[in-house]
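Trainee: based on what follows, work out the 3D shape:
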Amino acid sequence: MKKNLKKLLNQGIEKLKAEGLLNSNVTPVLKVTYSHNPQYGDFSTNLALIMAKTVGLNSRVLAEKIVHALPDSSYIAKVEIAGPGFINFYLAKVSHQKIIPKILEAGAYYGKSQIGQGKRVHIEFVSANPTGPLHVGHGRGAAYGACVANLLKTIGYTVHREYYVNDAGRQMGILALSVWIRYLQQYKEDIALPKNAYQGQYIIDIACGLKDKYGDHFLYSKEMIQDLLPHDVESDPESHLDALVKVQKDILKEDFSIIFDMALNNILGDIKNDLEEFGVVYDEWFLESRLIKKKLIKEALDILYQQGYFYEKNGTQWFLATALGDEKDRVLIRNNGVPTYFAADIAYHLYKFNQKYDMIIDIFGADHHGYIPRLRAFLKALGKSPTKLRILLVQFAILYRGDKKISMSTRGGSFITLRELRNEVGNDAARFFYIMRKPDQHLDFNLELAKSHSNKNPVYYIQYAHARICSVFRKLNVAQKKWNSEQGMDNLDLLSSSYEKELLSTLSRYRETIKTAAIQQSPHLLAHYLHTLANQFHAYYNAERFLIEHDTLRNARLNVIAAVRQIIFNGLTLLGVSAPEKM
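Mentor: Numbering: from 1, shown residues only. Reported below is the predicted structural model:
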């Protein structure tokens, strides 16, 4: 409908030009929006306010000229001017009624389009280090990324979903060390696990599995470890930890990889299962070690060197990022020869760009905001278009139990896992609550609200609308009445109540909502839309009866609620939430 209204406005502007009332060089920027208040029609445009200064006319006078120049249209009942020159469109009854057969005929396909024209999109999300179970903070990125992928796919993009597995960084060495020390403790070795190592019960579980499978194969004494440990690192906890990792590698040699792989496979397997149970799927799990094996890090550094953005100082290799807009230069290779996270990141993004995607989306936690300028600096060094990369930041969810905020630390082992959250509130509540706010807004996750069966719980409220409609159709069968959809279509004119008009208007906005939510990567818009639709349906349900004797009106009303049911089902499916038929 927006497209049709823009066409009408364009025709009106062209008529004014032809009549000499507007300069032929005027090129209007047409923007038509939904009216949030039915009092101001179904759609509105501020075109006259935007053009007034350019054409030298009072905005309200210009609005009157535009309205007068609009061609007649069967789908518009009236056009009014409000305030300083807003043009409000009131759609004809038949315009709203047309939406019912469209929804019921398309069914689960309603809302799909080919706006994306098959363009290829790479979307990376979650990508949490495989050093422990996913916690509730990761869950928000998972729900958000999955919804963005669903929305883009629905409007015609070809979407590739990827999880980047950091299996080659410093934290993985610390993980292997943590498992080894817990393994040694199984044999009563009096060796303490450093406080800045990984502490959770899952570390002990992996260590027990290591002992069960390999016995004492990795057993070494505390004295041997201490003899190899430099004394000058004890005052610095992080240096001490790195030294312990080196000692472990020196002692175990090739056996180090056995502990490393067991820890990685256990945790990564758990992450995969957790996400799959949460309804979050990936097309590829990309290992960081693959960058090293394929020498992609070296390739990225070579490009920087060739472009003059690479230098060495005191044994450390740097990216001259300040020359490309970053606030400071970035370390690529430490003086011990170990690549930084950033070195791996730029190699990974070089790989992404080499795959010729039309759009690349990175979904990071809000704590990664500092990565944006340095990644964009690297893209400039490559000569790549920075507009092809979209970096979306997601604030971590803050979990509350009652009034108490739950603090979390992955290394410290003090956190609520995503699985624990799902088990407590259910997948549906978790998926919906995670995406019902803008991703860059802080989210206070209210456990008690998420579990409640009340109108205050938005996901329950929406699902209950779907279940209520299903109940109406079950009662229809019990009453031995029939739903004649064709007869209902022929009598949509009977739908005259304010509840019905409101529902028809909202149903008409679904396709546009999907399009906007997808293009803006804003699934919260769909969540809000579904809540509005459910609210309108519940009001309709409480005000009107559906299983009436009047056949034509009954069938018309049944068509309306069947369309509402279909839209709720379609929308919830995109959000990864179920639409139960009974509650």
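
Trainee: need the longest helix for this structure.
Mentor: When the chain is parsed with DSSP state H, its longest helix is helix 551-574.

Trainee: give the buried residues for that one.
Mentor: By neighbour count on 16 or more other CB atoms under 10 Å, the buried set for helix 551-574 is 553-572, 574. No exception for glycine: its C-beta is placed from N, CA and C like everyone else's.

Trainee: before we move on, what about stretch 225-236?
Mentor: Neighbour-count burial for stretch 225-236, with 16+ other CB under 10 Å as criterion, is recorded at 225, 233.

Trainee: what's the span of it from first residue to last?
Mentor: End-to-end distance for stretch 225-236, by CA to CA, to the nearest Å: 18 Å.

Trainee: and if you look at stretch 183-196?
Mentor: By CA to CA, the extent of stretch 183-196 from end to end equals 17 Å.

Trainee: quick one: contacts of that stretch?
Mentor: 178, 181-182, 199, 207-208, 210-211, 216, 218-222, 225, 237-238, 240-241, 244, 259, 411-412 (CB atoms under 8 Å, 6 or more residues apart in numbering).

Trainee: mind giving me the ChimeraX select for the residues you listed, buried ones only?
Mentor: Of the contacts of stretch 183-196, the buried ones go into a single ChimeraX selection, burial set by 16+ other CB under 10 Å:
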select :178,181,182,199,207,210,211,218,220,225,240,241,244,259,411
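
Trainee: counting neighbours, what do you get for residue 155?
Mentor: Using other CB atoms under 10 Å, residue 155 has 20 other residues around it.

Trainee: what about it, distance to residue 471?
Mentor: Shown here: residue 155 relative to residue 471, a distance of 32 Å by CB to CB, to the nearest Å.

Trainee: same question, residue 46
Mentor: As judged by CB to CB, residue 46 and residue 471 stand 44 Å apart.

Trainee: so for those two, which residue has more residues nearby?
Mentor: residue 46 (18 against 15).

Trainee: roughly how far apart are that one and residue 91?
Mentor: The spacing between residue 46 and residue 91, counted by CB to CB, is 19 Å.

Trainee: what's around residue 69, how many residues?
Mentor: Residue 69 is flanked by 20 other residues according to other CB under 10 Å.

Trainee: just the one 4 residues further on next, same as before
Mentor: In terms of burial, residue 73 registers 17 neighbours under the definition other CB under 10 Å.

Trainee: same check on the one 10 residues further on?
Mentor: The criterion is other CB under 10 Å. On that basis, residue 83 has 12 neighbouring residues.

Trainee: centroid residue for the protein?
Mentor: Geometric centre of the chain, nearest residue: residue 144, 2.3 Å, by CA atoms, centre = their mean.

Trainee: what residues does stretch 478-492 touch?
Mentor: 97, 100-101, 104, 473, 476, 547, 551-559, 562.

Trainee: just the CA coordinates of that stretch, formatted as CSV?
Mentor: Coordinates of each C-alpha in stretch 478-492 appear next as CSV, following Å, rounded to 0.1, in the frame of the first residue of the first chain:
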residue,chain,number,x,y,z
VAL,A,478,-18.3,-29.5,18.5
ALA,A,479,-21.3,-27.3,17.8
GLN,A,480,-21.6,-29.0,14.4
LYS,A,481,-21.3,-25.7,12.6
LYS,A,482,-19.3,-25.2,9.4
TRP,A,483,-16.8,-22.6,8.4
ASN,A,484,-17.6,-21.5,4.9
SER,A,485,-14.6,-19.4,4.1
GLU,A,486,-15.8,-18.5,0.6
GLN,A,487,-19.1,-17.2,1.9
GLY,A,488,-17.2,-15.3,4.5
MET,A,489,-15.1,-13.6,1.8
ASP,A,490,-18.2,-12.6,-0.1
ASN,A,491,-19.5,-10.9,3.1
LEU,A,492,-16.6,-9.0,4.5
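
Trainee: off-centre distance for that stretch?
Mentor: With CA atoms, centre = their mean, to the nearest Å as the basis, stretch 478-492 stands 40 Å off its chain's centre.

Trainee: state the mean pLDDT of it.
Mentor: Mean pLDDT, stretch 478-492: 92.

Trainee: repeat that for stretch 564-575.
Mentor: Stretch 564-575 comes out at a mean pLDDT of 99.

Trainee: go on, stretch 203-215?
Mentor: 97.

Trainee: same check, this time on stretch 222-229
Mentor: Mean pLDDT, stretch 222-229: 88.

Trainee: chain center to that stretch: distance?
Mentor: For stretch 222-229, the distance to the chain centre is 48 Å (CA atoms, centre = their mean).

Trainee: can you give the contact residues for it?
Mentor: So stretch 222-229 is contacted by 184, 189-191, 243-244, 247, 250-251 (CB under 8 Å, 6+ apart).

Trainee: which stretches in the stretch 351-500 of the chain count as helices?
Mentor: Per DSSP state H, counting those that start in this stretch, the stretch 351-500 of the chain carries helices over the ranges 371-382, 418-425, 427-435, 447-451, 458-478, 485-490, 498-507.

Trainee: elements contacting the helix or strand following the last one?
Mentor: Yep, that's helix 498-507 we're talking about. On the C-terminal side of helix 498-507, the nearest following helix or strand under DSSP states H and E is helix 510-519. Under the contact criterion of 3 or more CB pairs under 8 Å, 6 or more residues apart in numbering; DSSP states H and E, helix 510-519 touches helix 136-154, helix 524-543, helix 551-574.

Trainee: looking at these, which is nearest to residue 401?
Mentor: Among the helices and strands packed on helix 510-519, helix 136-154 comes nearest to residue 401, with 11.3 Å by CB to CB.

Trainee: and stretch 127-139, how far apart are its ends?
Mentor: Taking CA to CA, the first and last residues of stretch 127-139 lie 11 Å apart.

Trainee: next: stretch 539-553.
Mentor: Start-to-end, stretch 539-553 (CA to CA) is 18 Å.

Trainee: and if you look at stretch 279-290?
Mentor: Distance between the two ends of stretch 279-290: 27 Å, counting by CA to CA.

Trainee: average pLDDT for it?
Mentor: The model assigns stretch 279-290 a mean pLDDT of 97.

Trainee: so which bits of that stretch are buried?
Mentor: 279-280, 282, 286-289.

Trainee: just stretch 394-402 next, same as before
Mentor: Buried residues in stretch 394-402, counted by 16+ other CB under 10 Å: 394-397, 399.

Trainee: ok, stretch 465-475 next?
Mentor: Those would be 465-470, 472-473, for stretch 465-475 by 16+ other CB under 10 Å.

Trainee: closest to residue 168 out of the residues you listed?
Mentor: Of all these, residue 168 sits closest to residue 466, with 46.1 Å by CB to CB.
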